[in-house]
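Chemist: Mind looking at a prediction? Sequence and model below.
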Amino acid sequence: MRRTKIVATLGPSTDEPGMIERIIRAGVDVVRINYSHQTREKHKERVEQLRAASKAFDREIGVIADLMGPKIRIAEFKDGKVHLQEGASFTIDADLAAEAGDERRVGITYKDLPKDVRRGDKLLIDDGRVLLHVKKVSGSRVECEVVLGGEISNHKGVNRQGGGLSAGPLTARDRTDIRHAVETGVDFVAVSFLRYPEEIREARKLIEDAGGKAGIIAKIERSEALDAIDAIVDASDAIMIARGDLGVEIGDAALPPVQKKLIKLARDMDRAVITATQMMESMIDNQTPTRAEVFDVANAVLDGTDAVMLAAETSIGHYPDKAIEAMARICQEAEKQRLIRTSDHRINLRFERIDEAIAMSTMYAANHIGAKAIAALTETGATCVWMSRISSGIPIFSFTRHVQTSRKMTLYRGVYPVKFDITHTDPLEANKEMIDELTKRGIVDNGDFVIITKGDLRGRTGGTNNMKIVRVGHLVQHTA
């Protein structure tokens, strides 16, 4: 079974008749709706279509709402695009009319840009395809010299090398989008361009005020976020390594070690981590990935990422299902490596909670007796999250009666949700029913070891205090 999860972005390409069903067959685990593009009504329509299709497949699929955030963009050119020559002068003018851009100047959506930059700064447009050197700031005008020329078109993004732009992550539009995302029933909200943990807490309150329980994904794409990374990870439920804007701000050569550090940090702090941006970008137009893309996905898996993400490859690409199939093949092959099936996670640390101690003990026992599967009866999924931080090849089945818990578990590496309502089941029969379900799925057979975790009190959050080692087909059960 593939342990690494695949996140695919919905868009015009997945709107094609039958494509949602095809990407489900291909193995998508979580979908992303991008509030930077298209209407709220279209996003809701896509989620409803996904829910209906996943129900037909009897599979839960998580949904991430990705907020636009304060993406700083140039305005528009009279002719739609221009070509800037190296050495030429070019001005970004916050007071220029939105459609008045030409080869000499262009407007900007972020009116405070002149306050945030100074002489000597470098501004990167369109993920660094065009590089400007700030020569002078005068009123509303940021006067620059073109260092790296090229073609730029309307609405391309602008970054300051090294970070330092003061725009906060939650815009008025984002606040409205959060309410819409909660009404749509998403499972995670991804906060863009954040800098501090307080911004995550603000987003969480907005979700709660809207009546939602969605988890929060902190998108790491500003250099300032790296300065407060421990607190940001701690405040979130998961992080996304958004390598596009982050690479522009810190430099592309710095990305690989930062990616490895972030993956390790997230796992050490019991959070999920998504590796994103340009993972298989050539498959927007091609049916097979490049060898470099194969290595990129495989290395993220070897580093321990919970999920790998497709963006334009599935939202506007020609082959959404084939991109998912190719990514799945790469993940499965990388997961065969023995080095990612061993772990010393938290081995020298004290456990503050009983359910956490049960989770860690379960994984230790499973790895040493060769268990075929772990069956965790859970309300919130917390036990499964802790288990999934331990590197192992043993699948963790999250048996839960809560649909939202099932959908959140789709993001965690090696965790597979199973619909199971213990409140209507005799506690003495629960073990047998879970084993029967795993047997029916072809996961276990007679003689296999399965470890079951649950709580003495049914339906109690945080109540996991029991671990059983069961041999399939045998009456003897070993309790810990």
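Modeler: Yes, it's here.
Chemist: hang on, residue 239 in a strand?
Modeler: Yes. If the criterion is DSSP: H, G, I helix; E, B strand; the rest coil, then residue 239 is within a strand.
Chemist: For it, list each beta-bridge partner.
Modeler: Judged by DSSP bridges, the bridge partners of residue 239 are residue 218, residue 273.
Chemist: got a list of what it touches?
Modeler: Under the criterion of C-beta atoms under 8 Å, 6 or more residues apart in numbering, the contact partners of residue 239 comprise 217, 218, 219, 220, 232, 233, 262, 266, 271, 272, 273, 274. Every residue, glycine included, has its C-beta placed from N, CA and C.
Chemist: Columns neighbour count, pLDDT and distance to residue 423 on top of those, output as TSV?
Modeler: Supplementary listing: the contacts of residue 239 in TSV, determined by neighbours: other C-beta atoms under 10 Å; pLDDT from 0 to 100; distance: C-beta to C-beta, whole Å:
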residue	neighbour count	pLDDT	distance to residue 423
217	28	98	31
218	28	98	34
219	24	98	37
220	27	98	39
232	25	98	37
233	24	98	34
262	23	98	39
266	26	97	33
271	23	97	30
272	27	98	28
273	27	98	33
274	27	98	33
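Chemist: The residue nearest to residue 89 when sequence neighbours are not counted and residue 420: what is the separation?
Modeler: Spatial nearest neighbour of residue 89, chain neighbours left out: residue 145 (6.3 Å); criterion: C-beta to C-beta, 6 or more residues apart in numbering. Note on residue 145: its distance to residue 420, by C-beta to C-beta, to the nearest Å, is 64 Å.
Chemist: Just want to know which of those two has more residues nearby.
Modeler: Neighbour count, other C-beta atoms under 10 Å: between residue 145 and residue 420, residue 420 has more, with 20 against 15.
Chemist: State the number of residues packed around residue 224.
Modeler: The criterion is other C-beta under 10 Å. On that basis, residue 224 has 18 neighbouring residues.
Chemist: Kindly report the same for the one 10 residues further on.
Modeler: Residues contacting residue 234 under the criterion other C-beta under 10 Å number 13.
Chemist: Next, the contact list for the nearest residue to residue 103 once chain neighbours are set aside, please.
Modeler: In this structure, residue 103 finds its nearest non-sequential neighbour in residue 82, 4.9 Å apart by C-beta to C-beta, 6+ apart. Shown here is residue 82, whose contacts under the criterion C-beta under 8 Å, 6+ apart are 101, 102, 103, 106, 151, 152.
Chemist: Which of those are buried? Put it as a ChimeraX command.
Modeler: Selecting only the buried entries of the contacts of residue 82 in ChimeraX, with 16 or more other C-beta atoms under 10 Å as the criterion:
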select :101,106,152
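Chemist: now, which of the contacts of residue 82 sits nearest residue 369?
Modeler: Within the set of the contacts of residue 82, residue 152 lies nearest residue 369; the separation is 59.9 Å, counting by C-beta to C-beta.
Chemist: Can you tell me which of the contacts of residue 239 lies closest to residue 328?
Modeler: Comparing the contacts of residue 239 against residue 328 with C-beta to C-beta places residue 274 closest, at 15.8 Å.
Chemist: Could you measure from the residue nearest the centre of the chain over to residue 306?
Modeler: Geometric centre of the chain, nearest residue: residue 274, 3.9 Å, by C-alpha atoms, centre = their mean. Shown here: residue 274 relative to residue 306, a distance of 7 Å by C-beta to C-beta.
Chemist: Quickly list what's touching both of the two.
Modeler: When contacts are counted by C-beta under 8 Å, 6+ apart, residue 274 and residue 306 have 238, 411 as shared neighbours.
Chemist: before we move on, the earlier item: pretty sure the residue nearest to the centre of the chain sits against residue 300.
Modeler: No. Shown here, residue 274 and residue 300 do not form a contact pair, counting by C-beta atoms under 8 Å, at 9.5 Å.
Chemist: joint contacts of those two?
Modeler: Among the neighbours of residue 274, those also in contact with residue 300 (C-beta under 8 Å, 6+ apart) are residue 308.
Chemist: any weak-confidence spans in the stretch 251-400 of the chain?
Modeler: Confidence mapping of the stretch 251-400 of the chain against pLDDT under 70 gives the ranges 339-350.
Chemist: Export only the CA atoms of stretch 386-405, formatted as PDB.
Modeler: These are the backbone C-alpha positions of stretch 386-405, laid out as PDB (Å, rounded to 0.1, in the frame of the first residue of the first chain):
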ATOM      1  CA  TRP A 386       1.300  10.100  16.700                       C
ATOM      2  CA  MET A 387       1.700   6.600  15.200                       C
ATOM      3  CA  SER A 388       2.300   8.000  11.700                       C
ATOM      4  CA  ARG A 389       5.300  10.000  12.900                       C
ATOM      5  CA  ILE A 390       7.100   6.700  13.400                       C
ATOM      6  CA  SER A 391       8.800   5.500  10.200                       C
ATOM      7  CA  SER A 392       7.400   2.100   9.400                       C
ATOM      8  CA  GLY A 393       6.000   0.000   6.600                       C
ATOM      9  CA  ILE A 394       3.000  -1.100   8.700                       C
ATOM     10  CA  PRO A 395      -0.300   0.400   7.700                       C
ATOM     11  CA  ILE A 396      -2.300   2.200  10.300                       C
ATOM     12  CA  PHE A 397      -6.100   2.000  10.000                       C
ATOM     13  CA  SER A 398      -8.100   4.800  11.600                       C
ATOM     14  CA  PHE A 399     -11.400   3.200  12.600                       C
ATOM     15  CA  THR A 400     -13.800   6.200  13.400                       C
ATOM     16  CA  ARG A 401     -17.400   7.100  13.300                       C
ATOM     17  CA  HIS A 402     -16.700  10.800  12.500                       C
ATOM     18  CA  VAL A 403     -16.600  11.700   8.800                       C
ATOM     19  CA  GLN A 404     -14.400  14.800   9.400                       C
ATOM     20  CA  THR A 405     -11.900  12.700  11.300                       C
END
